[in-house]
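A.B. asks: build the 3D model from these lines:
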Amino acid sequence: MKQLLFALLVLFSSVSIAQFNNGSQYGNASQQGGLNVFSATENDTVQHKSFKFDKTTIDEYKIISIHKDTTYVDTTLTIQAEYKHNYLRKDNFGLLQFDNEGHVYNTLDFNLNKTNSLPDFGFKARSMAYLTVDDIKYYHVPTPFTDLYYKSVMGRGQNLDAFVTANLKPNLNFGIGYRGLRSTGYYFNELTSTGSFRFLTSYNTPDKRYYLKAHFAAQDFMLRENGGLSNLSQYENPEGPYTNKAQVDVYMETGNSMLKGQRIFIDHSFRINKTNPNSLVLHHQFIYDNKFYNYINASATSRFGDYFTSNLNDKTRFNRMYNQVGVAYKHDRYGSLKAYIEDINYNYFYKSYVYSLNGLIPNKQTDRINTLGANYFYQINKWKLYADAKVGFVGPATNQLDLTARYAFDDANENVVELGFQRLSKIPDLNYTLFQSSYLNYNWYNNFINEKSTSFLAKANTKWINAEVNYRVLNNHLYFANTSNEINLDGLPATLLAKPFQYSGAINYFSAKVGRQFKFGKFGSDHTVLYQKVSQNDPIVNVPEILTRNSIFYNNHFFNKALYMQTGFTINYFTKYYANEYNTILGDMTVQHDKEIGDYPVLDFFVNAKIRTFRLFLKAENINSKFVTKQDFYASPNYPAKPFMIRFGITWMFFS
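C.D. replies: As a prediction, the model looks like this:
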């Protein structure tokens, strides 16, 4: 209630201020809740002195990916902004959040499992919020730009993301950001505490022969691990003390895990010819990663079987150095052709050897991989073509081929079709091949062969409908599964004795996703439907067959157009399926066939408001859980999904 009163106080205080400043340089909000200040009109300008610009438009505040895709800062209040106002700060359709902010997600949409041919650290469930190289964006701004994000959490705590960037010169940009979270949650021993620091810069010489993008990222994700609920009846039919979620029994009272990493990234290129842009370009990319996953428990539990010592402190370490050196020939008419060599040197290790049930487990796995590759990019008129192929010639064998063709029917890119193809042979992630733990059954050293996959994609984004079709064939698929046959009173495994397996058969996956938004005056609706089908001889890849999200909302201006408001309902639904189970020792998901979840709607009500560059988000989540006698909302067999709660948050952008 205090949070609700605070949100309303901020909202109405801001409305009052906006009424007294109605003739300011910012102008009035647009029909979409946008900002006329950045439209190219005579009266709507941002006044500043740098770079000697007379006025600034929103498309000058550029956001640039490492792949050179360019967008600009979005100040609008749309239903898409509502979808992105979450911990990950992106549309999380296809992800099922656990009950506490900053905990792991279960993946409902199998297409979200992205992969490449090189081996990775693993611990994928715990890495969902870990910012990768592709997640770091670079900026070019005419005035200093600040982006502030805040959202209330489950229980006590807060979630804050602050980022500021500025161009010291037109060709030199710096940015610094920090994302912090602390959330106690509602159940015993599930506090989350995370921090992500990032510093980035981009530079080019005045003659545009040399370009540089670089960043440093330091991230840590601490999670107190309770292992899930040990008595599901206390949660599903709460009586007496169990109406207080903190009193519900959990498997572990002292466990916690930490994923921590640091990364240095440099990407730069140099054009040899001083005057002619159609010339050879030298390119170099450098990445140094250092990560570890640490599981600690002062009191071991039989939940994960027998153990060497009751005072657990398992730590998996990983570092990797990546270099790519290439030379490209760029031509305005014929596109860009590049040849490159990759050098990857990694160390994955523990501090000691282990004699286990599976024999002697070594303490490290190190390797060096060299690949030779080439790519071609062609863009002319409305066509974009891209092809990339590489093959390993030193170290473990690997190869990858990516093909993409894109056609835009109009200059505004409102109607675009895209075709894609990928074929790869992936070296197994390292926690499948080597793992050590104080739990006896969690020690292995395997010699798995490469996973292989072939993928096809067809996508269309138009003014009328968005549609996407995916088809994927998986061979030698790696996964974790529980080997225990011991069953508890809930009909679920009493112990989790997970091990990695490699499936020898073929897995065929098909999906079709359709999205459409409708507008009826000040009313609107947004609908997304995903259909998935898996063909396999054994139930290894488990996904819900149908997944939907449907929103109905109302938009309007108030207070002489000083306030733009959006309110409505969103219903999320997915069909019942055997969801993967979270395993805290592995920091990953395991396949299970004991409990199905899903086949229930989740209803959210939201009220969002925008004043200038300030946006307020207020949401009542999972409303229908308040009107059922049995709580059956799960994110994983032993972990509940988000309960009913009222949360608020803000985003606030500054352009000076």
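A.B. asks: who are the packing partners of the host helix or strand of residue 650?
C.D. replies: Counting by DSSP states H and E, the element that carries residue 650 is strand 645-654. If you count contacts as 3 or more CB pairs under 8 Å, 6 or more residues apart in numbering; DSSP states H and E, strand 645-654 packs onto helix 2-20, strand 145-151, strand 614-621. For every residue, glycine as well, the C-beta is placed using N, CA and C.
A.B. asks: least reliable of the ones you listed going by mean pLDDT?
C.D. replies: Among the helices and strands packed on strand 645-654, helix 2-20 has the lowest mean pLDDT, at a mean of 38.
A.B. asks: show residues contacting whatever helix or strand comes next after that one.
C.D. replies: Downstream of helix 2-20, the next assigned helix or strand under DSSP H and E is strand 62-64. For strand 62-64, contacts defined as CB atoms under 8 Å, 6 or more residues apart in numbering pick out 70-73, 137-141, 202.
A.B. asks: in helices, which of these fall?
C.D. replies: Using DSSP state H, no member of the contacts of strand 62-64 sits in helices.
A.B. asks: which of those residues are buried? Put it as a ChimeraX command.
C.D. replies: The ChimeraX selection below is limited to those of those classed as buried (16 or more other CB atoms under 10 Å):
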select :72,73,137,138,139,140,141,202
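A.B. asks: just the contacts of strand 62-64: which are in strands?
C.D. replies: In strands, defined here by DSSP state E, the members of these are 70-72, 138-140, 202.
A.B. asks: from residue 88, how far off is the residue located most distally from the centre of the chain?
C.D. replies: Centroid-distance maximum for the chain: residue 275 at 41.5 Å, with CA atoms, centre = their mean. Distance of residue 275 to residue 88, computed by CB to CB, to the nearest Å: 45 Å.
A.B. asks: got it, and residue 606?
C.D. replies: From residue 606 to residue 88 the distance is 17 Å (CB to CB).
A.B. asks: now the helices for this structure?
C.D. replies: Under DSSP H, the chain gives helices at 2-20, 79-84, 232-236, 430-433.
A.B. asks: show me which residues of the third one are buried.
C.D. replies: Within helix 232-236, the residues that qualify as buried are 232, 234-236, counting by 16+ other CB under 10 Å.
A.B. asks: got those residues as a markdown table, with pLDDT columns?
C.D. replies: As requested, the buried residues of helix 232-236 are exported to a markdown table (pLDDT from 0 to 100):
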| residue | pLDDT |
| --- | --- |
| 232 | 94 |
| 234 | 94 |
| 235 | 94 |
| 236 | 93 |
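A.B. asks: run a quick neighbour tally on residue 534.
C.D. replies: Using other CB atoms under 10 Å, residue 534 is surrounded by 18 other residues.
A.B. asks: likewise residue 654?
C.D. replies: 13.
A.B. asks: nearest residue to it other than its sequence neighbours?
C.D. replies: residue 146 (4.1 Å; CB to CB, 6 or more residues apart in numbering).
A.B. asks: ok, residue 392 next?
C.D. replies: Counting by CB to CB, 6+ apart, the residue nearest residue 392 is residue 398, at 4.1 Å.
A.B. asks: hmm, the one you found is touching residue 452, no?
C.D. replies: No - using CB atoms under 8 Å, residue 398 is not in contact with residue 452, being 10.4 Å away.
A.B. asks: give me the common contacts of those two.
C.D. replies: Residues touching both residue 398 and residue 452 (CB under 8 Å, 6+ apart) are 424-426.
A.B. asks: how about CSV for those, with neighbour count, distance to residue 57 and pLDDT added?
C.D. replies: Putting the shared contacts of residue 398 and residue 452 into CSV (neighbours: other CB atoms under 10 Å; distance: CB to CB, whole Å; pLDDT from 0 to 100) gives the following:
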residue, neighbour count, distance to residue 57, pLDDT
424, 20, 42, 95
425, 20, 47, 97
426, 20, 44, 97
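A.B. asks: make CSV from the residues you listed and add distance to residue 174 to it.
C.D. replies: Below are the shared contacts of residue 398 and residue 452 laid out as CSV (distance: CB to CB, whole Å):
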residue, distance to residue 174
424, 36
425, 40
426, 36
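A.B. asks: and residue 627, how many residues sit next to it?
C.D. replies: Going by other CB under 10 Å, the residues that sit close to residue 627 add up to 8.
A.B. asks: mind listing what it touches?
C.D. replies: Going by CB under 8 Å, 6+ apart, the list of residues near residue 627 is empty.
A.B. asks: first-to-last residue distance for stretch 82-96?
C.D. replies: This stretch, stretch 82-96, spans 17 Å end to end (CA to CA, to the nearest Å).
A.B. asks: quick one: average pLDDT of stretch 525-535?
C.D. replies: The pLDDT scores in stretch 525-535 average 98.
A.B. asks: who touches it?
C.D. replies: 79, 93-94, 109-110, 507-518, 541-553.
A.B. asks: what about 6 Å?
C.D. replies: Identification of contacts with stretch 525-535 by CB atoms under 6 Å, 6 or more residues apart in numbering yields 79, 508-518, 541, 543, 545-552.
A.B. asks: check these for burial and list the buried ones.
C.D. replies: Here, 16+ other CB under 10 Å leaves 79, 509, 511, 513, 515, 517, 541, 543, 547-549, 551-552 buried among those.
A.B. asks: distance to residue 133 and pLDDT added to those residues, as CSV?
C.D. replies: Output for these, formatted as CSV (distance: CB to CB, whole Å; pLDDT from 0 to 100):
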residue, distance to residue 133, pLDDT
79, 30, 96
509, 26, 98
511, 26, 98
513, 26, 98
515, 28, 97
517, 32, 95
541, 27, 97
543, 28, 97
547, 29, 98
548, 33, 98
549, 29, 98
551, 32, 98
552, 38, 98
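A.B. asks: next step: the residues you listed restricted to strands.
C.D. replies: 509, 511, 513, 515, 517, 547-549, 551-552.
A.B. asks: skip the chain neighbours and tell me the closest residue to residue 580.
C.D. replies: residue 589 (3.8 Å).
A.B. asks: try residue 292
C.D. replies: residue 317 (4.7 Å).
A.B. asks: for the one you found, give its distance to residue 438.
C.D. replies: Relative to residue 438, and taking CB to CB, residue 317 is found at 16 Å.
A.B. asks: likewise for residue 91?
C.D. replies: Distance from residue 91 to residue 438, by CB to CB: 40 Å.
A.B. asks: higher neighbour count, those two?
C.D. replies: Just comparing residue 91 and residue 438: by other CB under 10 Å the higher neighbour count belongs to residue 438, 21 against 14.
A.B. asks: dump the residue contacts of the more buried one.
C.D. replies: Contacts of residue 438 (CB under 6 Å, 6+ apart): 307-309, 312, 314.
A.B. asks: hey, what's the nearest residue to it once chain neighbours are set aside bridged with?
C.D. replies: Excluding its sequence neighbours, the residue lying closest to residue 438 (CB to CB, 6+ apart) is residue 312, at 4.4 Å. Listed by DSSP bridges, the beta-bridge partners for residue 312 are residue 297.
A.B. asks: for residue 64, give the beta-bridge partners.
C.D. replies: residue 70, residue 138.
A.B. asks: can you give me the neighbour number for it?
C.D. replies: Residues near residue 64, counting by other CB under 10 Å: 17.
A.B. asks: from residue 200, how far out is it?
C.D. replies: For residue 64 relative to residue 200 (CB to CB), the value is 11 Å.
A.B. asks: same question for residue 590.
C.D. replies: In this view, residue 590 and residue 200 are 36 Å apart by CB to CB.
A.B. asks: circling back to that earlier point, which of residue 398 and residue 452 has more neighbours?
C.D. replies: Between residue 398 and residue 452, counting by other CB under 10 Å, residue 398 is the more crowded of the two (21 against 17).
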